[in-house]
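In: Return a 3D structure for these sequence lines:
(chains A, B, C and D)
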2 protein chains.
Amino acid sequence: MAITIKDVAKAANVSIATVSLVMHNHRRISKDTKVKVMEVIEKLNYRPSRSARGLVSRRTGNVGFILTNDHFLRTEPFYTHIFIGTEIEARDHDFYILLNTIDSHFTEKDQLPRFILDKNVDGVIVAGKVSNILIDKLSSLSLPVVYIDYVPSNKNSSTVLVDNIMGGKIATNHLIKLGHRNIGFIGGDIEHPSISDRYKGYRQAIEAEGLPMGSNLIETLEDYPARTNGYNAAKRLFSINPDITAVFACNDAMALGVINYLKDRGLRIPQDISVIGFDDVVSESTVDPPLCTVKVPTVEMGMEAMKLISSHLKNFNGYPQKVMVPVELVVRQSTRKL
Amino acid sequence: MAITIKDVAKAANVSIATVSLVMHNHRRISKDTKVKVMEVIEKLNYRPSRSARGLVSRRTGNVGFILTNDHFLRTEPFYTHIFIGTEIEARDHDFYILLNTIDSHFTEKDQLPRFILDKNVDGVIVAGKVSNILIDKLSSLSLPVVYIDYVPSNKNSSTVLVDNIMGGKIATNHLIKLGHRNIGFIGGDIEHPSISDRYKGYRQAIEAEGLPMGSNLIETLEDYPARTNGYNAAKRLFSINPDITAVFACNDAMALGVINYLKDRGLRIPQDISVIGFDDVVSESTVDPPLCTVKVPTVEMGMEAMKLISSHLKNFNGYPQKVMVPVELVVRQSTRKL
DNA sequence: GTGAAAGCGCTAACAT
DNA sequence: ATGTTAGCGCTTTCAC
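Out: Purely as a prediction, here's the structure:
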C-alpha cells in the first residue's frame, strides 16, 4: 500500500488539509509547519496520487502530442527529437506526454486523437504540418494548443517556429562569402511556410548582394521533399542552368538527392559544386562529404512548446505567444571557397 | 461538464452500479439492460473518467516505456519505431504509453523513471540494452516488465526478441547462394547478445556449407557499432584478408561504414565486393547502391510487447513469455552474383 | 439481475 | 494559521 496524504498528516501531526496546502505552497502556512510537513513528506517519500488529484481538480496532468504518422516514421529524426524535447521539459513541470500519431490526410470523418476523446489531456502540442480540418476541430475544443514548426490556419494560437528566413539568409550568405555568385535553390512544396521562408531568406541574401537571380535558379516541386525529389530537381536545375557553382537545398533530404545526382554525373563535391542543406538531421558520417547545413534546435523547440503549454495551463495565460527559435550554420566539407 | 456515469444511469433508468457492470461486461447482466445501457452510452458518447477509475481500481491505465537516451536520439529509427508500435497496440488495449529516457550508464545513484516513482504506470516496457542495475531495480518492483531486443540478466522476465541467429543465417546464405565463398563478418560489441547471435548464424551457415572460416574472416570491435567503426573494421578486415568478395555487417550502420571504406579504396559495390547489412533502418535512397539487408519488424515488436504487458495485466498471467519475431531478407543492389 | 452505499486520495470551501 | 468536511466519478461488496 502506497503512502497517502493521511499517513503524512498523521506522522506530521497535522490535518490532511494542511499537507495539501503545503504541497501547493499556499501562503497562509507558517514556516514551521511547512518545514515539518516537508520533512515528513521527504522521509516517507510521499508522492500524491495523480488519479485522486485528477478526480477532484479536473486536471489530468497530461499533455497530448500530435504528429502525423509519416512525420514520426520518417527516417530523419527531426520530429522525434522535438518529441523528446517536450518529454524532457515536461519533467520539470510535472506533466506526462501522451503521443498520438494521426493520418496526414486527416478528414472530417477521422476521430480526434484518443487522448482528447478520453479527456485525458489538459493541453495539446501539434508538431509539423497538419490538415486544416484537424486545426479547426482542435480550436473548437477549449484546450490550449501549441503548434510547433507550422503556422496554423487559425492564427491566434501559440506557436514555436524556426527562424527559417534567417536560416535561408545564413545558408546563402555562407555560399556568397565563399565566392559563389551563381547559386541554385532547390525547394520542395513551396506552399509549405517553412520552405517558402527559406526561399525568402535566400532571395533576400541574393538581392542584398546585388547578385543576378534569374528564375532559372529556382526549382520547386510540389511533392513532399524527399531525396528522390532532390535528385530530380537537381537534374532539372542543372539542365536549365549548367553554370551553377553552389546549391542551397531547402532541407538535408533534398541535399542528399542533389549530391547523389551530382555524383552520378561524375561531379565532385565540393570541388566542382558546393552543396548546403537545412535541418542538420543527417548523421555526419552517413554522407560523403559530410553535409554543410543549417542546424535547427529540435530538442529545444519541443522544450519551448512544453513551456508554453505549461504557462497557459498554470497561469491561465490566454494570450497566444509566438516563440521563434534561432538557427545556426554548421560548416562541413560539402562547400568550398571558390 | 463532461458526461458521467450518473448521466448514463439516469438516461437508461438504471443504477450507476449497473452501468459500471455493463462497462465491464459482467455476466450477471441481462441482455436487455446491457443493450439498453450500451445504446445510451453510445448516444451520450460517454467515456469513463480515467482518474476516477484509477482512484478506486488502483490501476493507472498507463504503461511506461524505458529507453536509453542514446538509443532514442540515434539517427536510425530502430527504437522509435518500436516505440510507435507499442503506442499503436496500446490503443486496442485502452492503455497510454509514457516514455522516459534514461542515461545509458544508469547507476545505483540514478533515480528510477519518474512514472515509476509517481506510481503512474501499471507495467513497464524496456527496449534495448540497459544496465543490470536498472534491471535489478525493476525486478524488485512487482511491476510487470517486458524487455524488447535484449535478454535481461534476470532471466525470468518476458521478452520480445529478434531471431538474430536465423537472420545471420539468412544473410550469409544469401551471399553463399550468390556464389561467394570468402565472406567476411563485421561485428560490433560481440558481448551484445544480438550481435553474437548474428555471428552465430553466420558461423552456422558457413559451417553447414563446409566453407573455410579462418579467424581472419571475423572482425569485431568492442566499441558501440557505428559507421566509423564499420569503416575501421573493414580496413582491418581487408588488410588481413584481401581475398574477401562479400561482407556481412552486423547492422546497417556498420555496413555503411564498410561501403564508405570500400569506395574510398576505389572499389565498386557490388561489382567488386558485395555488402549486406542488418536491421533495414537505412532509407533506400540514402546510400548508393541501395543496401541489401535483413529487415527487423520493429513496429511489430513494439506491438508484441504491448500485447504481453496487457495479458500480464489483465489475466494476472505471471508466467514470463518469450516472443521471437521473424526477420526477412530484403534484396537490394549492394550484393551480386559472383 | 439490479440497486444502495462505502470508500479510493485528494482539493477547496468553509469553520474555527 | 490550521482543521473539518463534502464530494469529484467510479468500482465493488452486499442486500434484495
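In: in chain A, which helix or strand is least confident?
Out: strand A:218-220 (a mean of 68; mean pLDDT, DSSP states H and E).
In: Next secondary structure element downstream of it?
Out: Per DSSP states H and E, the first helix or strand lying C-terminal to strand A:218-220 is helix A:227-240.
In: what packs against that following helix?
Out: On a contact count with 3 or more C-beta pairs under 8 Å, 6 or more residues apart in numbering or on different chains; DSSP states H and E, helix A:227-240 meets strand A:183-187, strand A:218-220, strand A:246-249, helix A:252-264. Every residue, glycine included, has its C-beta placed from N, CA and C.
In: Same list, those, but as TSV with distance to A:Pro290 please.
Out: Below are the helices and strands packed on helix A:227-240 laid out as TSV (distance: least, C-beta to C-beta, whole Å):
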stretch	distance to A:Pro290
strand A:183-187	19
strand A:218-220	24
strand A:246-249	15
helix A:252-264	11
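In: In terms of mean pLDDT, which of these ranks lowest?
Out: When mean pLDDT is averaged over each of the helices and strands packed on helix A:227-240, strand A:218-220 scores lowest at a mean of 68.
In: what's the most buried one of the helices and strands packed on helix A:227-240?
Out: Neighbour counts (mean count of other C-beta atoms under 10 Å in any protein chain shown) averaged over each of the helices and strands packed on helix A:227-240 peak at strand A:246-249, with a mean of 30.
In: Okay, now the sheet partners of that strand, with direction.
Out: Sheet pairing of strand A:246-249 (DSSP bridges) gives strand A:183-187 (parallel), strand A:274-276 (parallel).
In: from the chain's centre, how far out does the shortest one sit?
Out: Put simply, strand A:274-276 sits 24 Å off its chain's centre (C-alpha atoms, centre = their mean, to the nearest Å).
In: for the longest one, same thing?
Out: Using C-alpha atoms, centre = their mean, we find the averaged C-alpha position of strand A:183-187 to lie 24 Å away from the chain's own average C-alpha position.
In: Other residues contacting it?
Out: Under the contact criterion C-beta atoms under 8 Å, 6 or more residues apart in numbering or on different chains, strand A:183-187 has outside partners A:172, A:175-176, A:195-196, A:198-199, A:202, A:206, A:211, A:217-221, A:225, A:230, A:233-234, A:237-238, A:241, A:244-250, A:254, A:258.
In: Filter these down to just the buried residues.
Out: A:172, A:175-176, A:195-196, A:198-199, A:202, A:206, A:217-221, A:225, A:230, A:233-234, A:237-238, A:241, A:244-250, A:254, A:258 (16 or more other C-beta atoms under 10 Å in any protein chain shown).
In: Would you mind listing what in the stretch 1-150 of chain A touches chain B?
Out: Counting by C-beta under 8 Å from any C-beta of the partner chain, the stretch 1-150 of chain A comes close to chain B at A:2, A:47, A:49-55, A:60, A:62, A:69, A:72-77, A:80-81, A:84, A:87-88, A:91, A:96-101, A:114-115, A:117-120.
In: For whatever residue of the stretch 151-300 of chain A ends up closest to DNA strand C, list the residues it contacts.
Out: Residue of the stretch 151-300 of chain A nearest DNA strand C, by C-beta to the nearest atom of the strand: A:Ser158 (23.9 Å). Contacts here follow C-beta under 8 Å, 6+ apart; on that basis A:Ser158 touches A:Pro144, A:Val145, A:Val146, A:Tyr147, A:Leu308, A:His312, A:Pro320, A:Gln321, A:Lys322, A:Val323.
In: can you pull the contacts of the fifth one?
Out: This points to A:Leu308. Per C-beta under 8 Å, 6+ apart, neighbours of A:Leu308: A:Val146, A:Ser158, A:Val160, A:Gln321, A:Val323.
In: pLDDT at it, what is it?
Out: 96.
In: where are the low-confidence patches of the stretch 101-250 of chain A?
Out: Under the criterion pLDDT under 70, the flagged ranges of the stretch 101-250 of chain A are A:214-219, A:221-225.
In: Any idea which residue of it lies closest to chain B?
Out: A:Arg227 (4.3 Å; C-beta to the nearest C-beta).
In: what residues are up against that residue?
Out: Neighbouring residues of A:Arg227 by C-beta under 8 Å, 6+ apart: A:Ala253, A:Met254, A:Leu256, A:Gly257, A:Asn260, B:Ser283, B:Ser285, B:Thr286.
In: Closest to DNA strand D out of the residues you listed?
Out: The closest of the contacts of A:Arg227 to DNA strand D turns out to be B:Ser283 (C-beta to the nearest atom of the strand; 44.6 Å).
In: The closest one against A:Thr75, yeah?
Out: Yes: at 4.3 Å, B:Ser283 and A:Thr75 qualify as touching, with contact defined as C-beta atoms under 8 Å.
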